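K.L.:
how does the following fold in three dimensions:
(4 chains)
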Number of protein chains: 4
Amino acid sequence: MNEMSRLRVLVWGENVHERENALVGEIYPDGMHQTIAEGIAEKNEFDVEIATLDQPDHGLTAESLQNVDVLIWWGHAAHGRVNDEAVQRVVARVWEGMGFIALHSSHYSKPFMRLMGTSCSLTWREAGEKERLWVCNPAHPIARGIDRYFEIENTEMYGEPFAIPRPDEVVFISWFEGGEVFRSGCTWKRGNGKVFYFRPGHEAYPIYYHPMVRLVLRNAVKWAAPDPERWIDSCPRIAPEDAPEPVTVKGPGIHKEGEAGFR
Amino acid sequence: MNEMSRLRVLVWGENVHERENALVGEIYPDGMHQTIAEGIAEKNEFDVEIATLDQPDHGLTAESLQNVDVLIWWGHAAHGRVNDEAVQRVVARVWEGMGFIALHSSHYSKPFMRLMGTSCSLTWREAGEKERLWVCNPAHPIARGIDRYFEIENTEMYGEPFAIPRPDEVVFISWFEGGEVFRSGCTWKRGNGKVFYFRPGHEAYPIYYHPMVRLVLRNAVKWAAPDPERWIDSCPRIAPEDAPEPVTVKGPGIHKEGEAGFR
Amino acid sequence: MNEMSRLRVLVWGENVHERENALVGEIYPDGMHQTIAEGIAEKNEFDVEIATLDQPDHGLTAESLQNVDVLIWWGHAAHGRVNDEAVQRVVARVWEGMGFIALHSSHYSKPFMRLMGTSCSLTWREAGEKERLWVCNPAHPIARGIDRYFEIENTEMYGEPFAIPRPDEVVFISWFEGGEVFRSGCTWKRGNGKVFYFRPGHEAYPIYYHPMVRLVLRNAVKWAAPDPERWIDSCPRIAPEDAPEPVTVKGPGIHKEGEAGFR
Amino acid sequence: MNEMSRLRVLVWGENVHERENALVGEIYPDGMHQTIAEGIAEKNEFDVEIATLDQPDHGLTAESLQNVDVLIWWGHAAHGRVNDEAVQRVVARVWEGMGFIALHSSHYSKPFMRLMGTSCSLTWREAGEKERLWVCNPAHPIARGIDRYFEIENTEMYGEPFAIPRPDEVVFISWFEGGEVFRSGCTWKRGNGKVFYFRPGHEAYPIYYHPMVRLVLRNAVKWAAPDPERWIDSCPRIAPEDAPEPVTVKGPGIHKEGEAGFR
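P.N.:
Prediction:
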């Protein structure tokens, strides 16, 4: 990414509920990914594209991913239909530096679970109850412009325990009307890439029209942007003659001259 | 695990180099896993079993894993031959609470990479050089009985950057004769399970006979033992009538009554 | 500490509200520290002593602290009356390995603030409202025996943001009737010592009689116990002739032979 | 800080060795702080000021600190002569958002120790030996422009264990000719403020003229800059009538109406 150029954001949506469920289709007539993309593009700060499950390679070719700075993911009903090779391409691109933002039910998406290494389970309830997201890290760039908290009047509940590795930072913790709490905004690094999980976004409610949700998403895109200088991940053999200190080969090796490491 | 009973340790070895490479076979005539197991069993503190790649299901059935408290893994040449279902069984058992200790070249093993979510790459050199492992966390149970450092006279080098998620704790950092450094002993939690990566253990050197390496392994087994009280990981729906606070259903749901969540 | 011997717990209470406020005195006629100590001693697992602000040296001499494995601290109205030298002795003993458990309003106590290095601020409200503490780390030893959550019917509220350094682990997150959330059980390591902050415990409510609060305290004592093998913290000069690798002195030094480092 | 304006950097030096030791005075005729400041100002990116121990209030008044975005600290022989009130002003300003960079022997400085909450001890040796700093986090902004490592030909050694709280990120690990290793570049957050410890900088060697050391310092200044939006740290009482959810006062309070919390 050129430091002067605009961040390139790809919003990926599985686009299943929107077409199969009348209620969801009514809220998101062009698909949830479209509404998410509009929220991110709202201030005309980024170049925003969309991709969906039913495109060839789910719209996630190695080539297209090279042109993405931050990938936003929404999936739910079709996690299992996402091709493992596409998942591996996404994960490898995160390691290179691409930001990755997993939304709501994407806690169970293949790329998020692969990046976390945990079961990512939680508890849930659909009752249209109120959620209040508290900022617990007020200086975090992702919370910029948010007051002490914001509310979502009607939503699905997600509750602790949330089976994630310890986050680098917890930005939001949610309070639910029905009595639960949840770490709703968490960050991690994986290789060069920054990862953000953000809880809001149930398909049966118009949550991606909420101005605070959209603000958090735009903040998160900026935060997750790759550093211009990327690290090319590899596993290089350092030949004895290239050691920083002079070494004499004193023992046998299992690898032949010039051979790559086993994977 | 019964708190009174002995910890059950399974040492898994791919057992390839030992049979295919005369040098390795000479150092480890019964296989590296056998020597590792002997080191762990040395003080008669644990029940130690072995399993290898060429057993049915690699010796890693769901049933056998239920009887393992701590799994120790050594792989290198045959990472790619480990069956993905076996990997998934190992990972799920770690989430339940089984300890997992990845040795040396197992940084690239499938279960370790799945638990980390990163590329796990590093640099390396085979020159039989000296390694000195410094204790940087002297109160850590894994370092118990180790003085300020210990040395391995001849070994392969692994160098930074080591592409892992930030460790919960770094227990050892290595100094190498050829000029590199490496975070040689690192811990993480994944679900209920504790994970330890320990660098020493190149197949071309008799490292698993080293008394300090064996001491670290025994310490690590004790540290990685599951807590007696286990959490059954799941993703339960909480029915509105079971909410801790009374909730009135105020909005639609996408899930049918009694339906499980999507995975 | 001898591994076979019982853990020695010291419960420190400022003992001010109990004597000056009739309401508090009625709930805790022998002082809050006494009730806390009884809860910890309930199962006869530990040797429990008490100490208070008005004892000589606040009951916190270097000698007495040497005989403490875990120190529990309750303070509120008299933080400023705690002597700085006593604070330094407590902090230094934590670095050596003594466990430290800070309760409720002790978030602003001198030893806790010194161990954290942050302002430790939060929001609060006295309305006798309900609190529900959720276990977000079900395999943590401090949560042993606790179901998914437990409740305190009437309590003071503490709300986020809680200005602490990122915890090593978050064990409990609280839900409050009035709409706030709070990280109510957090752990850190400082040197060899383990630190636990536990929110419940307002003086105007009989919270230290609550069986779940008492269970958490006993679990926390076990968790915070020092490892038998202690590290003596110091800043030793390594003489050039004692370097692990041979070094020739190639430059000047600012320290005279045998001199200690500057502090 | 105005986002468009230049970062304001204050370099604080105790300026003792430079005047009392001929060798140090020869290397740093205008004081180490002056050379450090020149390195930071080299590319004309920042507004750089200096302050020293012997100025009134050590040059660290509340007013002057309000105009500092990033404070760089070098101390050694005179840690004990730094006034506790000045330390408290520095620490409070870090909580507000000011970046803090502690150099070399400042591991034992009062502000750094107060921010860490640990003993900050290490081992050391003056032999003019070689140090090689490895980048272990290649995508970190502080490592920008640094290749895999850089070397300092002659320096004092610092060795592990380094008694710090677990860093948020470890950017550099050092290899020493005499056989030790050290976590030479570490980051933490304290309140809103970012803290970086950087090991190089012994007074008896011309280390602050080294181009890579200067590059790291400039990178660190940019990284440690406060976010424009600051959080005013406080401990507000939330009146029952201001609770996000309606609460009825159901119990007594210890605080009088409108009273501030105890500190």
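
K.L.:
can you give me the helices in chain A?
P.N.:
Under the criterion DSSP state H, helices of chain A are mapped to A:17-20, A:22-27, A:32-41, A:62-66, A:84-96, A:110-116, A:211-224.

K.L.:
Provide the contact partners of the first one at residue level.
P.N.:
By that I understand helix A:17-20. Applying Cβ atoms under 8 Å, 6 or more residues apart in numbering or on different chains, the contact partners of helix A:17-20 are A:V24, A:G25, A:Y28, A:P29, A:G31, A:M32, A:H76, A:A77, A:E203, B:I254. Every residue, glycine included, has its C-beta placed from N, CA and C.

K.L.:
next one: the last one
P.N.:
By Cβ under 8 Å, 6+ apart, the list of residues contacting helix A:211-224 from outside reads A:7, A:9, A:36, A:39-40, A:42-43, A:45-46, A:70, A:72, A:99-101, A:133, A:141-146, A:150, A:152, A:172, A:185, A:187, A:193-196, A:198, A:200-201, A:207-208.

K.L.:
what about 7 Å?
P.N.:
With contacts defined as Cβ atoms under 7 Å, 6 or more residues apart in numbering or on different chains, helix A:211-224 is touched by A:7, A:9, A:39-40, A:42-43, A:45-46, A:70, A:99, A:101, A:141-142, A:144-146, A:150, A:194, A:196, A:198, A:200, A:207.

K.L.:
buried subset of the residues you listed?
P.N.:
A:7, A:9, A:39-40, A:46, A:70, A:99, A:101, A:142, A:144, A:146, A:150, A:194, A:196, A:198, A:200, A:207 (16 or more other Cβ atoms under 10 Å in any protein chain shown).

K.L.:
from those residues, which are also near chain D?
P.N.:
A:R144 (Cβ under 7 Å from any Cβ of the partner chain).

K.L.:
in strands only, show me the buried ones among the contacts of helix A:211-224.
P.N.:
A:V9, A:V70, A:G99, A:I101, A:F150, A:K194, A:F196, A:F198 (DSSP state E).

K.L.:
out of these, who's nearest D:E245?
P.N.:
A:F150 (14.7 Å; Cβ to Cβ).

K.L.:
returning to that earlier point: same list (the contacts of helix A:17-20) but as CSV, adding distance to chain C.
P.N.:
Shown next, in CSV, are the contacts of helix A:17-20 (distance: Cβ to the nearest Cβ, whole Å):
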residue, distance to chain C
A:V24, 29
A:G25, 34
A:Y28, 29
A:P29, 34
A:G31, 33
A:M32, 27
A:H76, 23
A:A77, 27
A:E203, 25
B:I254, 24
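
K.L.:
now the helices of chain A as CSV including distance to D:N15 and mean pLDDT?
P.N.:
Output for the helices of chain A, formatted as CSV (distance: least, Cβ to Cβ, whole Å; pLDDT from 0 to 100):
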stretch, distance to D:N15, mean pLDDT
helix A:17-20, 67, 92
helix A:22-27, 66, 93
helix A:32-41, 51, 98
helix A:62-66, 52, 96
helix A:84-96, 46, 96
helix A:110-116, 49, 98
helix A:211-224, 39, 98
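
K.L.:
winner for burial among those helices?
P.N.:
helix A:110-116 (a mean of 24; mean count of other Cβ atoms under 10 Å in any protein chain shown).

K.L.:
for that one, packing partners?
P.N.:
helix A:84-96, strand A:99-103 (3 or more Cβ pairs under 7 Å, 6 or more residues apart in numbering or on different chains; DSSP states H and E).
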